[in-house]
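Take this sequence and fold it.
(2 chains)
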Number of protein chains: 2
Amino acid sequence: MKVKTKKGIRDMLAVWMEDDAVKMIDQRYLPEKLKLFIAKDPDDIHKAIKNMVVRGAPAIGVTAAYGMAQASISWFDIGKAEKTIKSARPTAYDLFHAVDHMRVKIKEGVDPLEAAHDYALSVINKCMAIGEHGSRLIENGYRILTHCNAGALATVDYGTALSPIRVAHDDGKDIFVYVDETRPRLQGARLTAWELFNEDIPHTVIVDNAAGHYMQRGEIDIVIVGTDRIAANGDIANKIGTYEKAVVAKENNVPFYVAAPVTTFDPNTENGMAIPIEERPSEEVLNLNEKRVVSPGSTAKNPAFDVTPAKYITGYITEKGVYSTDDVVIMFD
Amino acid sequence: MKVKTKKGIRDMLAVWMEDDAVKMIDQRYLPEKLKLFIAKDPDDIHKAIKNMVVRGAPAIGVTAAYGMAQASISWFDIGKAEKTIKSARPTAYDLFHAVDHMRVKIKEGVDPLEAAHDYALSVINKCMAIGEHGSRLIENGYRILTHCNAGALATVDYGTALSPIRVAHDDGKDIFVYVDETRPRLQGARLTAWELFNEDIPHTVIVDNAAGHYMQRGEIDIVIVGTDRIAANGDIANKIGTYEKAVVAKENNVPFYVAAPVTTFDPNTENGMAIPIEERPSEEVLNLNEKRVVSPGSTAKNPAFDVTPAKYITGYITEKGVYSTDDVVIMFD
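Numbers count the residues shown, from 1 in each chain, chains lettered A, B, ... in the order given. The predicted structure follows:
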C-alpha cells in the first residue's frame, strides 16, 4: 500500500518478517501515528492479534504464519506456540487455517520462513486477483458503501473489499466511497479513510446509522465488505453491523458483495449460527479517546461480529472469480 | 424525572420558566455535569435549540412556547421572535406547532406565561398518558430496544418512548432495556442511559451496529422509539439510524412502535420524503471528546434524521391510545 509519511510516499506492508522478528504496523495508533510493533515470540504474536495491533482475517492469518515460522526457527516449543497463537481470537477462520498450514509445512521439512513468505505472498496475490474480479462489478460513477476495514491493513496489501475499489480507481473509473465509521473501534473512520486518503480515492465517512438513509435515497450503488469466516452454506461472519447493512441493502435492491480469499471458507462450519462470536471488553463501548462516553453506572455489551445469512448476499468475490451463493454451496458439496 | 445529584434524589424538569427566564438542563454537559442554561431572549432560545442544549421534539416545542411567552412579556418584537425561534432547526414539527399555537393564544389575549405553562403541562400529561397506553404492550420479561433519547430530557418529563418503559417498571414488570448509543451525538449512551440509571431501570448500552445482531438472536421483544414528525401517510422522521432498526425489526418479526403526542402528526406533510432532513456540521462525526477520530484529510457527512416508512411501523403510541398505520391515515383523511 502507498503510505504518505513525513518523508513522502512509501510502499509498505501491514505485516512482514525481518531478522527473526515479526514486524507490523501497530494499527491501534493509526491514523495519528505510524508506529511499528515487533513480535519476538509466540506470546507477542498472541498479544498482537488479541489486542488488535493487527486485525482483519487475512492479516491475522499471515501474522500467525510468521509467528509459527518464528517459533520454529527460534526453537520455541512448536506445539505450545500453536496453542498460544490459535487462542488469540475465536472468529477469523484464517487464524486456524494459517497455523494448521504451517504445522503441515514444518512437518514436511519445508523451510519455515520460506513457507510463511509463500503464505503471505499468496495472500497478496489473492487480494490482487480479488481486485481484478471485483472491479468488473464497479461501473463508472458508482457510489460504494464499505463497512469496517477490509483494506491493505487487514490483508497485508491491497485488501479484500478495498481491492476492487483500488483497481476501479486505477482504471480511471469515477467512483465515490461511503465509509461506515464502524463503532466501537472505528476501523472505518480510522483505517479505511486513512487508506483511501493515501491513495487519493474520493470518499466520505458516515456514522453507521446513516448507511440505511443513503441506500434508501438511492445514493449507494453497491456494498462491498470483507469477512472473517464463510460457513458451508454461504452465511458469513463479519464486523458487527454488517448484518444490518445487508438486510437494508436487500430491502433497497442494492447489491451486497462479500470479498474474501477462498481460505476464508470453512467447510466444517455448517452455517453462520455455528460461528463463534467474540464478545470483546465493554470498555471499547464505554470509553472513547480514553474518556468515558457512556453515563456512569451503566454497563455495555460488545459483540465484535455478527452473522449475515447467505440470502442477503448477492455474491462472493474471490481470487478465483465471483460466485453466487448457489455456486459457493456447490463448492462445499 | 428523578435525578441523582450530590445532595440526593431531586425531581426536575428538562425545561421551565422562572422570573422571565427560560431555564433548561444543558444536555450538552450530561452525564458529566448537571448544568443549567438560562435563555434571556429569542436569540438565546434559537441558540439553545440549534446547538442542542435542549433537544427532542416535545422539549423543543415547550422551549419555543416559553420563548414566545418571554418575547411577549419582555416586549421583544413578536414577529421577529417567531422567525428567530422557528429557524433554529428544520425537522421537528413540534417547534412550528408550538410557535403557531402561542401566536394564536397571544392574539386571543391569553396571558402568555399561562399559555406556555398550559402547553408544557399538556406535554407532560400527554407523556404520562403515552406511558399508560404503551406500558400495556410491554409484557413481563420483555427486552426492549430504544434508539436515541426520547425520555424526560426530550419531553420536559416522562418521555415518549421511555414513558411506557417507566410505567412498566413502576408496575413491577421485570424488563431490560437495550440502549443504542446513537452516534454521532451519543444521546443513547449519554442521556437515555443516564435517565434509566437514575430510575434504577435495568439496561445496557450497545453500539448502533449491534441492535440487528440482538434482534436476529431473538433477544429483543419490542422496539420503541420517539419521532420528530409524523407525515399524513404515517411515515416518520426520527434520529438517524431509526430506519435501519425498523427494517431489521420487521425482518425479524420484532414489533416496532413509535411513541409521540398527537401534535407530532403533521397533516400538511404528505409523506416522509417531504420531511426536510437537517444536515448537521461534519465536526460531530469527525471529532469525539474534542479529539479527531476520523483520519486527517477525510471528510464526513452528517444527516441528523432519517425517514422510516409506515410499512415498517407496527403502531403509534399516543396520549389517546395505540393506533395502527391504517388508523393514523384515517385520522388525517
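
so how far is residue A:14 from the closest residue to residue A:82 other than its chain neighbours?
Leaving aside its sequence neighbours, residue A:82 sits nearest to residue A:99 (Cβ to Cβ, 6 or more residues apart in numbering or on different chains; 5.6 Å). Every C-beta, even on glycine, is put in place using the N, C-alpha and C of the backbone. Counting by Cβ to Cβ, to the nearest Å, the gap from residue A:99 to residue A:14 is 18 Å.

So those two - more neighbours on which side?
It is residue A:14, of residue A:99 and residue A:14, that has more neighbours when counted by other Cβ atoms under 10 Å in any protein chain shown, with 26 against 20.

pretty sure the more buried one is touching residue A:149, no?
No: counting by Cβ atoms under 8 Å, residue A:149 is not a contact partner of residue A:14; they are 10.4 Å apart.

residues shared between the contacts of those two?
Common contact partners of residue A:14 and residue A:149 (Cβ atoms under 8 Å, 6 or more residues apart in numbering or on different chains): residue A:56.

contacting residues for the residue of chain A positioned farthest from its centre?
Going by Cα atoms, centre = their mean, the residue of chain A most distant from its centre is residue A:297, 34.0 Å out. Listed by Cβ under 8 Å, 6+ apart, the contact partners of residue A:297 are residue B:197.

so it sits in a helix?
No: using DSSP: H, G, I helix; E, B strand; the rest coil, the assignment for residue A:297 is coil, not a helix.

pLDDT at it, what is it?
pLDDT for residue A:297: 91.

Any figure for the gap between it and residue B:148?
Distance, residue A:297 to residue B:148, using Cβ to Cβ: 20 Å.

now the helices: where do they sit in chain A?
Using DSSP state H, the helices of chain A run over residues A:42-50, A:57-73, A:78-86, A:93-107, A:112-135, A:152-155, A:162-170, A:187, A:193-198, A:211-216, A:242-251, A:283-286, A:325-331.

okay, the ones you listed in CSV with mean pLDDT next?
Formatted as CSV, these follow (pLDDT from 0 to 100):
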stretch, mean pLDDT
helix A:42-50, 97
helix A:57-73, 96
helix A:78-86, 97
helix A:93-107, 95
helix A:112-135, 97
helix A:152-155, 96
helix A:162-170, 98
helix A:187, 96
helix A:193-198, 96
helix A:211-216, 98
helix A:242-251, 98
helix A:283-286, 96
helix A:325-331, 81
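
out of the ones you listed, nearest to residue B:229?
Smallest distance to residue B:229 across these (Cβ to Cβ): 15.4 Å, for helix A:211-216.

State the phi and psi torsions of the residue in the stretch 1-150 of chain A positioned nearest to chain B.
In the stretch 1-150 of chain A, no residue comes nearer to chain B than residue A:31, which is 4.0 Å away by Cβ to the nearest Cβ. Dihedral angles of residue A:31 (phi, psi; degrees, to the nearest 10) stand at phi -90, psi 0.

Quick check, it in contact with residue A:187.
No: between residue A:31 and residue A:187 no contact is recorded; they are 11.1 Å apart, counting by Cβ under 8 Å.

Between these two, tell me which one has more neighbours.
With neighbours defined as other Cβ under 10 Å, residue A:31 and residue A:187 compare such that residue A:187 has more, 28 against 21.

residue contacts, the more buried one?
Applying Cβ under 8 Å, 6+ apart to residue A:187 gives the contacts A:55, A:148, A:149, A:239.

now the residues you listed as a markdown table including distance to chain B and pLDDT?
Formatted as a markdown table, those follow (distance: Cβ to the nearest Cβ, whole Å; pLDDT from 0 to 100):
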| residue | distance to chain B | pLDDT |
| --- | --- | --- |
| A:55 | 16 | 94 |
| A:148 | 9 | 97 |
| A:149 | 11 | 96 |
| A:239 | 8 | 97 |
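
Let's have these in TSV, adding distance to residue A:104 and neighbour count.
Formatted as TSV, those follow (distance: Cβ to Cβ, whole Å; neighbours: other Cβ atoms under 10 Å in any protein chain shown):
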residue	distance to residue A:104	neighbour count
A:55	25	26
A:148	31	30
A:149	30	32
A:239	30	29
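
among those residues, which are in strands?
Cross-referencing the contacts of residue A:187 against strands under DSSP state E gives residue A:239.

can I see the domain layout of chain A?
A:2-125, A:137-332 (automatic domain parsing).

Around chain B, which positions in the stretch 51-200 of chain A sit nearby?
Within reach of chain B by Cβ under 8 Å from any Cβ of the partner chain, the stretch 51-200 of chain A has these residues: A:179, A:181-184, A:186, A:189-191, A:193-194, A:196-197.

so which two of those residues are the farthest from each other?
A:184 and A:197 (22.0 Å).
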